[in-house]
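*Asks:* fold the following for me, if possible:
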Amino acid sequence: MSHRHKVKLEKLFEHPISGNIDANKLISALVHYGARVEETKQHKAKIFYADKEFVLTLSHKGNLSKDAIVKLRHFLEEVDLVPGKIE
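*Replies:* Have a look, this model is predicted:
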């Protein structure tokens, strides 16, 4: 199962940015790698990792927007949860 999680995180760092990343599957991958995630009633997910917090806005359609992907990518780079450093 961890291969699927790794593929989901790798997809965030692809160029060009994919417009087809399922938020629920991505959240599952983040939890697999040690993040704590709290979903709010305002369609947001608070992601906690390495003593840092990131608020991800979730779409009603289930896929992440390209803007949300870029912001999440920057957060993951900041906490060093990037392809090449995950197993």
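*Asks:* low-confidence ranges in the chain?
*Replies:* In the predicted model of the chain, residues 1 satisfy pLDDT under 70.
*Asks:* can you show me the strands along it?
*Replies:* 36-39, 44-49, 52-57 (DSSP state E).
*Asks:* tell me what the first one is packed against?
*Replies:* Using 3 or more Cβ pairs under 8 Å, 6 or more residues apart in numbering; DSSP states H and E, the elements in contact with strand 36-39 are helix 23-32, strand 44-49. Quick note: C-beta positions are derived from backbone N, CA and C, even for glycine.
*Asks:* how close does the residue located most distally from the centre of the chain sit to residue 60?
*Replies:* Relative to the centre of the chain, and counting by Cα atoms, centre = their mean, the farthest-placed residue is residue 41 at 18.5 Å. Residue 41 sits 13 Å away from residue 60 when distances are taken as Cβ to Cβ, to the nearest Å.
*Asks:* do residue 76 as well
*Replies:* With distances taken as Cβ to Cβ, residue 76 is found 24 Å from residue 60.
*Asks:* just want to know which of those two has more residues nearby.
*Replies:* Taking neighbours as other Cβ atoms under 10 Å, residue 76 and residue 60 compare with residue 76 leading, 22 against 6.
*Asks:* need the longest helix for the chain.
*Replies:* For the chain, the longest helix by residue count, based on DSSP state H, is helix 66-78.
*Asks:* run the chain-centre distance for that helix.
*Replies:* From the chain centre to the centre of helix 66-78 is a distance of 8 Å (Cα atoms, centre = their mean, to the nearest Å).
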